[in-house]
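S.K.: pasting a predicted model and its sequence here:
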Amino acid sequence: EAGVAQSPRYKIIEKRQSVAFWCNPISGHATLYWYQQILGQGPKLLIQFQNNGVVDDSQLPKDRFSAERLKGVDSTLKIQPAKLEDSAVYLCASSLEQDYNSPLHFGNGTRLTVT
Amino acid sequence: AQSVTQLDSQVPVFEEAPVELRCNYSSSVSVYLFWYVQYPNQGLQLLLKYLSGSTLVKGINGFEAEFNKSQTSFHLRKPSVHISDTAEYFCAVSQYTGFQKLVFGTGTRLLVSP
């Protein structure tokens, strides 16, 4: 089966600019996650979707970050405006369902550098 | 809230030697435990998980982990490592919330040399 696809692979922007990341989960996976991985830290959950509904966005900085999952398939994560501390790898993951017997499948991530 | 501590940021080891990667967690309630591996330039993939039952869990690629509730640990072990095991290993924990909400540790880089 095809894995989780993410694009772009790398992005460099200046602070105060905006940026968007795209994720295409594994076909049939109902649950989609966006994680932020800052250098030297473990991944941190930003937002979780079940189909096209938000399950958890408690750690999403909503003043600058937004995410959507139209039609319950692809998802985009946007940052506007970006800050230096947003430099990180943004990981998208999907799972068949949201229960614990469904492992998360991760994409290769998008590495964002904010200068 | 729960947290995960991976005590070693980097573990160098020679090929065919045994290895243990340490993980301790903190939580006031019962948790599920996971180990994920990230090979260079790839996404994370599930290595093994403990949900319930036997405290010794076997995963892919010859890895196993033991859940120790009294010591709040979930250490990962392999009796004989290969060069191809060089990767970043992440321990993660989740409470019983009805859906997966993983909290990851900071990771341990395993460096296997010939």
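M.R.: Okay, I see it.
S.K.: who are the neighbours in contact with residue B:18?
M.R.: B:77-81 (Cβ atoms under 8 Å, 6 or more residues apart in numbering or on different chains). Backbone N, C-alpha and C define where each C-beta goes, glycine included.
S.K.: skip the chain neighbours and tell me the closest residue to the spatially most central residue of chain A.
M.R.: For chain A, the residue nearest the mean C-alpha position is residue A:34 (2.8 Å; Cα atoms, centre = their mean). Once flanking residues are discounted, residue A:34 sits nearest to residue A:46: 4.5 Å by Cβ to Cβ, 6 or more residues apart in numbering or on different chains.
S.K.: might you report the residue contacts of the one you found?
M.R.: A:34-36, A:57, A:59-60, A:65, A:67, A:77.
S.K.: and the helix or strand encompassing it, C-alpha only, in CSV?
M.R.: Taking DSSP states H and E as the criterion, residue A:46 maps to strand A:44-50. The C-alpha coordinates for strand A:44-50 follow below in CSV (Å, rounded to 0.1, in the frame of the first residue of the first chain):
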residue,chain,number,x,y,z
LYS,A,44,4.2,16.9,19.7
LEU,A,45,0.6,16.5,18.6
LEU,A,46,-0.9,19.6,17.0
ILE,A,47,-4.2,18.4,15.8
GLN,A,48,-6.1,15.2,15.2
PHE,A,49,-8.9,14.6,12.8
GLN,A,50,-11.5,11.7,12.7
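S.K.: which neighbours does it have in its sheet, and in what orientation?
M.R.: Take DSSP bridges as the rule and strand A:44-50 pairs in its sheet with strand A:31-37 (antiparallel), strand A:53-56 (antiparallel).
S.K.: hey, which of those is tucked in deepest?
M.R.: strand A:31-37 (a mean of 24; mean count of other Cβ atoms under 10 Å in any protein chain shown).
S.K.: ok, and what's touching that one?
M.R.: So strand A:31-37 is in contact with A:23, A:25, A:43-50, A:55, A:67, A:69, A:75, A:77, A:88-98, A:102, A:104, A:109, B:99-100, going by Cβ under 8 Å, 6+ apart.
S.K.: in PDB, list the C-alpha atoms belonging to it.
M.R.: Output of strand A:31-37 as PDB, limited to C-alpha atoms (Å, rounded to 0.1, in the frame of the first residue of the first chain):
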ATOM      1  CA  THR A  31      -7.800   9.300  11.500                       C
ATOM      2  CA  LEU A  32      -5.200  11.900  10.600                       C
ATOM      3  CA  TYR A  33      -2.700  13.600  12.800                       C
ATOM      4  CA  TRP A  34      -0.300  16.600  12.500                       C
ATOM      5  CA  TYR A  35       2.800  16.600  14.700                       C
ATOM      6  CA  GLN A  36       5.500  19.200  15.200                       C
ATOM      7  CA  GLN A  37       9.000  17.900  15.900                       C
END
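S.K.: alright, calling it a day.
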